[in-house]
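Colleague: Provided below for reference: sequence and predicted model.
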Amino acid sequence: MLWLLLICLLLFIYMPFAMRSWRALITLSFVYLIVEIGVRLGVANYSAADVPRLLVSVGNAWIDLFVKVLPVTVIARAAVLMAKSLGLMGRGLLAANNIGILALPGGIAGIAAHRQWERRAAPLECTSRQIPLVLSGVTATATWSKSVVLHVGKDIRDSRRNLFSPSHRRRICRDTSNSTESLPIEAISLGTRHFSQNRCRAQDNTP
Amino acid sequence: MCKNWNDDDWHRKPHKVIIFNPSGIRLGDFGIPRNPTNTGFQLGDNERLVSATNEGGVTITAVCHVPTDPDRSLYCNMRRPIVKGISLYWEANLPRGKIEEYLLRTDDFARSTCADLFGKHLCEVPTGTRP
């Protein structure tokens, strides 16, 4: 059952590749647009309780998945058709078609790899030391606690360095030569929410 | 053991502690008052000054917003200079009835946090008003 659902899903996502001409692709894109408008109007005008469950599931699938992936397959198919219009034939066209089909999984893999790269940890030789700081000429040291936010300038957005953010941690390491040089700061903020890790939940309070 | 809002040591902790250079940041971005919270502080509507003196005879003063609901705790914030060019700020909800006691507890916690960063010499002795 799950396999069948998956195959139907893939067939729907890759439907643009079944369109053999510009006219067919434009017609399909127009149908997508109509469905998109219909779903958005439905969401705006009805609550989920008023609509059959199947329709709610279709609407959710459209908003959560299809709106994000269909543009990729439509654009990829348009690129293949353009290559065909420019005279690409035979193996070249087959290769272009394959590249177009692989654009979606390739794009998803690329985004995942980029996110992984963005989240890479700061060097251990840096985070194993405390962060040397200097505030108004006074030296201090901070631990790599998630509750700490450093501010290195006046602008609260650009100047903040959140110690829970891997990219900010790496930036601090770069700016302090792996925690060997002091980082000039204008403020250090400590949110005590992180201090109380054992905050009671609803189930803890039952008699 | 988990901690509840009503538990005693929950109220010992401020929500936020900021140690800052007053001329190095835009205070409004952090919700920090423009002036230190002392007797000269310009109070707004539903605000009052709360002071408490510790065993060492040092007075800590905070500005507290008094909610209309008598069951709700007071939202208080405190700003004072600790050395030239560096000030300490904290904000916390302090329970009615024991507000002075909790004011001192909260300030103790904020100062211990400050001392962890800058060392005891800078933060351990509060720069308050001696009576």
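Modeller: It's in. Numbering: from 1, shown residues only, chains lettered A, B, ... in the order given.

Colleague: got a pLDDT number for residue A:46?
Modeller: We have a pLDDT of 89 for residue A:46.

Colleague: no wait, residue A:62
Modeller: Residue A:62 is given a pLDDT of 91.

Colleague: Could you chop chain A up by domain?
Modeller: Chain A resolves into domains spanning A:2-118, A:124-195 when parsed by automatic domain parsing.

Colleague: Quick check: which of those is buried the most?
Modeller: Among the domains of chain A, domain A:124-195 has the highest mean neighbour count (mean count of other C-beta atoms under 10 Å in any protein chain shown), at a mean of 17. C-betas here are computed from N, CA, C, even on glycine.

Colleague: Please compute how far that one lies from its chain's middle.
Modeller: The chain centre lies 26 Å from the centre of domain A:124-195; the measure is C-alpha atoms, centre = their mean, to the nearest Å.

Colleague: average pLDDT across that domain?
Modeller: 91.

Colleague: Report the contact partners of residue 43.
Modeller: Just so you know, I chose chain A. A:59, A:63 (C-beta atoms under 8 Å, 6 or more residues apart in numbering or on different chains).

Colleague: The chain in question should be chain B.
Modeller: B:49, B:63.

Colleague: got it, and the one 3 residues further on?
Modeller: With contacts defined as C-beta under 8 Å, 6+ apart, the neighbours of residue B:46 are B:65-68.

Colleague: JSON lines for those residues, including pLDDT?
Modeller: Formatted as JSON lines, these follow (pLDDT from 0 to 100):
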{"residue": "B:65", "pLDDT": "92"}
{"residue": "B:66", "pLDDT": "89"}
{"residue": "B:67", "pLDDT": "89"}
{"residue": "B:68", "pLDDT": "87"}
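
Colleague: Let's see which of the residues you listed end up in helices.
Modeller: When DSSP state H defines the helices, the subset of the contacts of residue B:46 inside them is empty.

Colleague: Please pick the buried ones from these.
Modeller: Using 16 or more other C-beta atoms under 10 Å in any protein chain shown as the burial test, these include residue B:66 as buried.

Colleague: The contacts of residue B:46 also near chain A: which ones?
Modeller: When C-beta under 8 Å from any C-beta of the partner chain is applied, no member of those is adjacent to chain A.

Colleague: Just the ones in strands from the contacts of residue B:46, please.
Modeller: Assigned to strands by DSSP state E, the following of the contacts of residue B:46 qualify: residue B:65.

Colleague: Closest to chain A out of the contacts of residue B:46?
Modeller: residue B:65 (18.9 Å; C-beta to the nearest C-beta).

Colleague: partners of that closest one in the sheet?
Modeller: residue B:47, residue B:75 (DSSP bridges).

Colleague: I'd say it and residue B:75 touch.
Modeller: Yes. With contact defined as C-beta atoms under 8 Å, residue B:65 and residue B:75 form a contacting pair (4.6 Å).

Colleague: In terms of helix, strand or coil, where does residue B:62 fall?
Modeller: What DSSP: H, G, I helix; E, B strand; the rest coil gives for residue B:62 is strand.

Colleague: what's the neighbour count on the closest residue to it other than its chain neighbours?
Modeller: Among residues not flanking residue B:62 along the chain, residue B:78 sits closest, at 4.0 Å (C-beta to C-beta, 6 or more residues apart in numbering or on different chains). Residues near residue B:78, counting by other C-beta atoms under 10 Å in any protein chain shown, number 26.

Colleague: so where's chain B shaky on pLDDT?
Modeller: B:1-12, B:124-131 (pLDDT under 70).
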